[in-house]
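Colleague: attaching a predicted model along with its sequence, questions to come.
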Amino acid sequence: MKKILSALFAVLIIASLLILSGVNGCQQKQGTAVSTTGLEISFVKDAPPVSISVNQEFPIYIDVLNKGAEFINKGGAKFYLNGLQNFDNINPSQSNTKMLTKESVYADRIVFADKAKYNFPFQAMSSIPFALTACYDYSGKAQGVLCISKSNESKICQTSGEKLTSSTAGPIQVTSITESISGNKLTAVFNIANKDDGQVFLLNMDCDRFEAKDFAESLKQGKLNVKLTTKEDFKCKLISTEAPYGQIEGLNGAIPLGSVVCEKMLTNEDYASPLVIEMKYKYRDSIGKSITIFPTQ
């Protein structure tokens, strides 16, 4: 009986320590990996088929699945078919006609053609490559906790180590937030990376104009809009959201992919402070396919 009571007592002690450690804010390990995809696009099987004959009618459908953590409003995503200019009954440009729900389970279907066909006379079999491009509005958010202290020996928080606590699912993500102290200046650096295979642009990029090879829209590539929210008087090195995209200081503007530096002058402060980083951008991604055309017999 004494052994049983001793064992129960030990279990209670361990359980109490675990509860207390949670109350005191021990950092929990992250669970499943955050999705690095926004819109996943794919052609529907056999629409289009892998091969057709001249004058044969066939459908062209795509499925789009919003795997990220942000909604896409009606008309916020555009889709383009490039390389099928000589086909009839195809609308090469489409957009979503309803909101695309975040972290979707089921795909939404976009119809480019129900009865597409190729009526140019062919004398021999030919393979035609083409591409599907998605261009859409997206956003993301990251949160962290900074240590506002003039001393690396703060009793309240630590200036060393990773300060990022969470980042929402999507292709553009904050991957790290770090800080350092030099004299009476605190420097915070956060890194933003493109975690998928597409291209990022400023939110005001016009997808139609970019598809038409507009040079002004191409200058918006590799940049995104960002807003930092903190009660601290940080000065961050950003760029303006309008051409010629010169450097500015503040908490609201644009940034190129990579590292962003923010600085704050210190007095005798010693406390932890939350930081929220909001990102808004256009994202563009493409997939390829080919269709084999046989001449009519």
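Modeller: Right, received. Where do you want to start?
Colleague: give me the neighbour count for Y136.
Modeller: Look at Y136: counted by other Cβ atoms under 10 Å, it has 25 neighbours. Every C-beta, even on glycine, is put in place using the N, C-alpha and C of the backbone.
Colleague: ditto for P244
Modeller: 7.
Colleague: can you pull the pLDDT of it?
Modeller: On pLDDT, P244 comes in at 90.
Colleague: map the structural domains onto the sequence of the chain.
Modeller: Residue ranges for the domains of the chain, per automatic domain parsing: 39-137+285-294, 138-283.
Colleague: so how far is the longest one from its chain's centroid?
Modeller: Computed by Cα atoms, centre = their mean, to the nearest Å, the chain-centroid distance of domain 138-283 equals 14 Å.
Colleague: on that earlier part again, turn the domains of the chain into JSON lines, columns for distance to A33.
Modeller: Shown next, in JSON lines, are the domains of the chain (distance: least, Cβ to Cβ, whole Å):
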{"stretch": "domain 39-137+285-294", "distance to A33": "12"}
{"stretch": "domain 138-283", "distance to A33": "9"}
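Colleague: so how far is F79 from G288?
Modeller: 14 Å (Cβ to Cβ, to the nearest Å).
Colleague: the more surrounded of the two?
Modeller: More crowded of G288 and F79, by other Cβ under 10 Å: F79, with 21 against 10.
Colleague: thought that one was touching S42?
Modeller: No: at 11.8 Å, F79 does not count as touching S42 under the criterion of Cβ atoms under 8 Å.
Colleague: show me the shaky parts of this structure.
Modeller: By pLDDT under 70, the weakly predicted segments of the chain are 1-32, 297.
Colleague: for the residue most central in space within it, what are its contacts?
Modeller: Geometric centre of the chain, nearest residue: P171, 2.7 Å, by Cα atoms, centre = their mean. Taking Cβ atoms under 8 Å, 6 or more residues apart in numbering, we find P171 in contact with T36, T37, G38, G68, Y138, N194, K195, D196, G198, V200, Y283.
Colleague: strands - which of those land there?
Modeller: Residues from these lying in strands, with DSSP state E as the criterion: Y138, N194, V200, Y283.
Colleague: now, which of these sits nearest V50?
Modeller: Nearest to V50 among these: Y283, at 28.8 Å, using Cβ to Cβ.
Colleague: quick check: bridge partners of that closest one?
Modeller: Beta bridges link Y283 to Y136, V200, judged by DSSP bridges.
Colleague: what residues are up against it?
Modeller: Residues counted as contacts of Y283 (Cβ under 8 Å, 6+ apart) are 38-39, 134-136, 138, 171-172, 196, 198-201.
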